[in-house]
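In: no FASTA, just this:
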């Protein structure tokens, strides 16, 4: 029998910093949740979205997967909050964000400015103020954010799919070929050159004429649409 379970493939790559290497493992875990088994079987994320049963979703993993990885995947499969997706600060953001610093709420000037405008707005009553805050959270969730290389927090939360996984491997292979064994004066120089290579690569048309950035955004939007349909069907009486 062929095992069609999602797998994590470990491959040697070159990374400019230890943090980016560690972040790449989180990125691969996110990819694996959206990896569809062969045939018509739903992937782990789809099972979690459509049933709310994390144990059932986790059962798709091969038994050989170590406990630490299982715990990481279980955390990624947790239900999203009803309000602002602050968990996006702790996701990888995929290949586009692999080499950027781990931003947090304390550095998020975008949210701080939105919150400041809400706080100074004259509302008629407490109910109107609360409704405006809830709308503000949803606006942040769906707004392209510079912290995430132009992805929205919702796009970060959903993770990347198989097309992004393939693109990520292609870029990391290119990065290793270009810089592995090359001397650098500092870690900062390595990181800067890596980021410059990444930002150029993400805007270069691929064989189908699409830029990697466009492919990644489109695929993450497809995954968000799949999630929305799964949740809608699950909530039907």
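Out: Perfect, I can see it now. Quantities reported herein were computed from a predicted structural model and do not represent experimental measurements. Numbers count the residues shown, from 1 in each chain.
In: now for the lengthiest helix in the chain, which elements pack on it?
Out: Ranked by residue count, the top helix of the chain under DSSP state H comes out as helix 212-234. Judged by 3 or more CB pairs under 8 Å, 6 or more residues apart in numbering; DSSP states H and E, the packing partners of helix 212-234 are helix 44-51, helix 153-158, helix 162-179. C-betas here are computed from N, CA, C, even on glycine.
In: count of residues packed around residue 31?
Out: Counted with other CB atoms under 10 Å, residues neighbouring residue 31 total 24.
In: How confident was the prediction at it?
Out: For residue 31, the pLDDT comes out at 96.
In: do you know how far it is from residue 76?
Out: Using CB to CB, to the nearest Å, one obtains 11 Å as the distance from residue 31 to residue 76.
In: any residues in contact with both of the two?
Out: Counting by CB atoms under 8 Å, 6 or more residues apart in numbering, the contacts common to residue 31 and residue 76 are residue 159.
In: Tell me, please, the helix or strand in the protein that averages the lowest pLDDT.
Out: Lowest mean confidence among the helices and strands of the chain (mean pLDDT, DSSP states H and E): helix 187-201, at a mean of 91.
In: Buried residues in that helix, which are they?
Out: By neighbour count on 16 or more other CB atoms under 10 Å, the buried set for helix 187-201 is 190, 191, 193, 194, 197, 198, 201.
In: Torsion angles phi and psi at the nearest residue to the second one once chain neighbours are set aside?
Out: Just to be clear, that refers to residue 191. With sequence-adjacent residues excluded and distances taken as CB to CB, 6 or more residues apart in numbering, residue 191 is closest to residue 16, at 4.6 Å. According to degrees, to the nearest 10, the main-chain angles of residue 16 amount to phi -70, psi -20.
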